[in-house]
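K.L.:
What would the 3D arrangement of this be:
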Amino acid sequence: MNQLNELDYGTPAKQSEKSVTLEIDGVSVEVAAGTSVMRAAVEAGINVPKLCATDSLEPFGSCRLCLVEIDGKKGYPASCTTPCEPGMKVRTQTPKLADIRRGVMELYISDHPLDCLTCPTNGN
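P.N.:
This is a model prediction of the structure:
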């Protein structure tokens, strides 16, 4: 398989003798302790939007598109930098998350150059 077709989990795999079980969008997931919520979601077949995350780099949570809701936690943590915890209940797709992600993308697009040669905004 060539590199373009390989699945990118968003964060590097963690090795641990301990495992953690959590729930993501109603799906029970068991992963190695220390695994990010983003990677656990991808392993469960659940897509979490991302721009800055890749499994070839340590996560840094810059783009803010991978935000999730976690029962009992305040705010909307980045799934790429949040380690899985036992019993965690995570939601990756809610109306509130869609609004936040839309706002983030609007900010990125508002600063996008109008002479970009790789998109239709340049008139071509």
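K.L.:
Quick one: neighbours of Gly75, just the number.
P.N.:
Neighbour count of Gly75, defined by other CB atoms under 10 Å: 7. Heads up, the C-betas are built off the backbone N, CA and C, glycines and all.
K.L.:
Assign it to helix, strand or coil.
P.N.:
Following DSSP: H, G, I helix; E, B strand; the rest coil, Gly75 is assigned to coil.
K.L.:
tell me the contacts of it?
P.N.:
Under the criterion of CB atoms under 8 Å, 6 or more residues apart in numbering, the contact list for Gly75 is empty.
K.L.:
Next one: it from Asp8, what distance?
P.N.:
Noted for Gly75: a distance of 26 Å to Asp8, by CB to CB, to the nearest Å.
K.L.:
Then His112?
P.N.:
Distance, His112 to Asp8, using CB to CB: 23 Å.
K.L.:
Settle it for me: which of those two has more neighbours?
P.N.:
Per other CB under 10 Å, whichever of His112 and Asp8 has more neighbours is Asp8, with 12 against 9.
K.L.:
quick one: the more buried one and Asp55 touch, right?
P.N.:
Yes: shown here, Asp8 and Asp55 form a contact pair, counting by CB atoms under 8 Å, at 5.4 Å.
K.L.:
count of neighbours near Met38?
P.N.:
Other residues lying near Met38 total 30 when counted by other CB under 10 Å.
K.L.:
in which helix or strand would I find it?
P.N.:
Met38 belongs to helix 37-43 when assigned by DSSP states H and E.
K.L.:
pLDDT of the helix or strand immediately after that helix in the chain, averaged?
P.N.:
Beyond helix 37-43 on the C-terminal side, the first helix or strand identified by DSSP H and E is strand 69-70. On average, the pLDDT along strand 69-70 is 98.
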